[in-house]
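>>> Give me the fold of what follows.
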Amino acid sequence: MVKKIGNAAILLLVFAVISLTGCRRPTVEEKLGEQIMLDLRYATHFSASVTDFGYVVNVYPEGTSDGFFQYALTRNDTGMVSPWMKRIHIPVRRIATNSGSNFEFLRLLGVMDSLVAACDSKFIYSDTIKERMESGKIKPLGSSYEINVEQLMVAQPDILLLSDLRDDPHADVCPVVHNFEWKESSALGRAEWVKFIGLLFDEYERADSIFNEIETRYNALKKLTDTISRRPTVFAAGSYGDTWYMTAGQGYMAAMYEDAGGDYLLKNIDQPTFTCGTEWLLAHYVEADFWMNCDATRLFDIDSRLHGMKSYKQGNVYHFNKRMLPGEGYNISDFYEQAVAQPDVVLADLISVFHPELLPNHTTVYLGRCEAIK
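Numbering: from 1, shown residues only. Next up, the predicted model:
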């Protein structure tokens with residue numbers, strides 16, 4: 001005899017099924033055919049969805065749905081692709097790039113050997129990349145704004161990753177895929193572009209796992225500052241000539257200063273950057289506790305007015321070029337390569353400076369005190 005199941009028991013059974021099925025995230029294979037968006041939690045300049053032929057990826061130069069690039073990442077030629085989409089066969093085997101910010105993503109994904117051409121060789125920090133260039137495995141493409149077409153043809157990449165708005169330059173050599181990681185307004189948004197690179201190599205699951213680890217470490221560090229009683233005031237400014245360029249509220253570093261337990265003084269300026277003269281700097285930030293991203297220590301010798309800054313007098317003027325190599329008339333900083341995929345390390349550096357009691361044993365990786373500060 002079959003007993004009737006009461007309503008309460010049915011509800012319990014339903015909740016149990018929901019709990020069991022919701023305890024893990026579906027794999028890409030399970031999403032195939034559902035035409036659903038892949039999980040992006042911070043990045044706003046690209047989106048991706050799963051299709052029966054692979055993926056559809058949209059790249060937004062301005063972070064909106066207007067004027068975007070659309071790519072069909074296909075595993076074969078049988079899928080029906082809309083005529084306005086650019087078809088890219090995945091996994092790509094050979095890749096060229098005009099931006100060093102992609103290097104660490106390739107390393108994390110284990111596909112560094114796929115890099116066959118890169119721009120701006122004199123500014124590259126990575127020993128691995130430089131050694132591969134010297135051996136001829138990676139072709140130098142000249143300036144990122146004037147790509148050497150002959151070298152690109154010799155390298156024979158499957159795609160060229162391009163980090164600007166030029167409309168398919170050298171499309172006759174290889175397909176161009178636009179990458180706007182550098183426009184993201186959060187550090188985790190920039191790091192989440194590892195998923196974009198992962199899609200090109202048909203390694204989304206691996207990329208998703210890598211990002212989850214980065215996010216977990218970042219948020220664990222951020223949590224350390226949740227209950228602090230005092231937040232030191234912070235501003236960030238570097239100079240070019242007589243003009244100071246400052247990170248404003250939409251700049252990805254502004255949020256990091258806040259996450260590290262600082263009170264960022266430009267957080268309410270609704271733009272990525274802000275420019276000013278020395279007089280403005282002195283008038284508005286003379287009492288700030290910390291001066292970050294100062295790359296012009298010579299100005300402390302040239303303009304003695306800066307000696308009156310509280311941050312200067314207390315020795316709290318910092319740059320992000322601790323990992324730096326000297327070049328011929330320029331410096332090569334790893335902050336613009338590896339740090340893009342290591343926001344958790346940068347955050348740890350900041351916390352150890354703003355609140356040393358929270359990370360007493362941390363040695364900064366990218367953050368250094370300006371040498372001109374006594």
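>>> what number of residues lie near residue 313?
12 (other Cβ atoms under 10 Å). In this view, the C-beta of every residue, glycine as well, is placed from N, C-alpha and C.
>>> State the pLDDT value of the nearest residue to it once chain neighbours are set aside.
The shortest distance from residue 313 to any non-neighbouring residue, by Cβ to Cβ, 6 or more residues apart in numbering, is to residue 307 (7.3 Å). With respect to pLDDT, residue 307 scores 85.
>>> pLDDT weak spots in this protein?
Within the chain, the stretches with pLDDT under 70 are 1-35, 64-66, 79, 165-171, 296-302, 327-330, 371-374.
>>> In it, where's the longest strand?
If you go by DSSP state E, the chain has its longest strand at strand 233-240.
>>> now for that one, which elements pack on it?
In terms of contacts (3 or more Cβ pairs under 8 Å, 6 or more residues apart in numbering; DSSP states H and E), strand 233-240 is packed against strand 243-247, helix 252-259, strand 263-264, helix 278-285, strand 290-292.
>>> can you list those in TSV and add mean neighbour count and distance to residue 189?
Listed next are the helices and strands packed on strand 233-240 as TSV, based on neighbours: other Cβ atoms under 10 Å; distance: least, Cβ to Cβ, whole Å:
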stretch	mean neighbour count	distance to residue 189
strand 243-247	20	15
helix 252-259	23	7
strand 263-264	22	17
helix 278-285	15	27
strand 290-292	25	20
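>>> What residues sit buried inside the biggest helix by length in the chain?
The residue-count maximum for a helix in the chain (DSSP state H) belongs to helix 204-223. Buried residues in helix 204-223, counted by 16 or more other Cβ atoms under 10 Å: 204, 206, 207, 208, 210, 211, 214, 215, 217, 218, 221, 222.
>>> now do stretch 141-156
So stretch 141-156, judged by 16+ other Cβ under 10 Å, has buried residues 141, 142, 144, 147, 148, 152, 155.
>>> tally of neighbours for residue 93?
14.
>>> do the one 3 residues further on as well
Here the neighbour count serves as a burial measure; for residue 96 (other Cβ under 10 Å) it reads 28.
>>> follow-up on the earlier one: wasn't the residue nearest to residue 313 part of a helix?
Yes. Counting by DSSP: H, G, I helix; E, B strand; the rest coil, residue 307 is part of a helix.
>>> you'd agree it is up against residue 317?
No. Look at residue 307 against residue 317 with Cβ atoms under 8 Å: they stay out of range, at 11.1 Å.
>>> Tell me which of these two has more neighbours.
Higher neighbour count among residue 307 and residue 317: residue 317, with 22 against 10, using other Cβ under 10 Å.
>>> any idea how far the more buried one is from residue 370?
4 Å (Cβ to Cβ, to the nearest Å).
>>> could I have the longest helix of the chain exported to CSV, CA atoms only?
The C-alpha trace of helix 204-223 is given here as CSV (Å, rounded to 0.1, in the frame of the first residue of the first chain):
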residue,chain,number,x,y,z
TYR,A,204,36.5,29.0,-20.0
GLU,A,205,36.3,26.5,-17.1
ARG,A,206,40.0,26.9,-16.3
ALA,A,207,39.7,30.7,-16.6
ASP,A,208,36.7,30.8,-14.4
SER,A,209,38.5,28.8,-11.7
ILE,A,210,41.5,31.1,-11.9
PHE,A,211,39.4,34.2,-11.4
ASN,A,212,37.4,32.6,-8.5
GLU,A,213,40.7,32.2,-6.7
ILE,A,214,41.8,35.8,-7.4
GLU,A,215,38.4,37.1,-6.2
THR,A,216,38.4,34.9,-3.1
ARG,A,217,41.9,36.2,-2.0
TYR,A,218,40.9,39.8,-2.8
ASN,A,219,37.7,39.7,-0.9
ALA,A,220,39.4,38.1,2.1
LEU,A,221,41.9,40.9,2.3
LYS,A,222,39.1,43.5,1.8
LYS,A,223,37.3,42.1,4.7
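>>> neighbouring contacts of that helix?
27-28, 38-39, 41, 55, 108-110, 187-188, 191-192, 194-195, 197-199, 259-260, 341-344, 347-348, 351 (Cβ atoms under 8 Å, 6 or more residues apart in numbering).
>>> ok, now stretch 147-158?
Under the contact criterion Cβ under 8 Å, 6+ apart, stretch 147-158 has outside partners 88-89, 92-96, 98, 116-117, 119, 138-142, 160, 169-170, 173-175.
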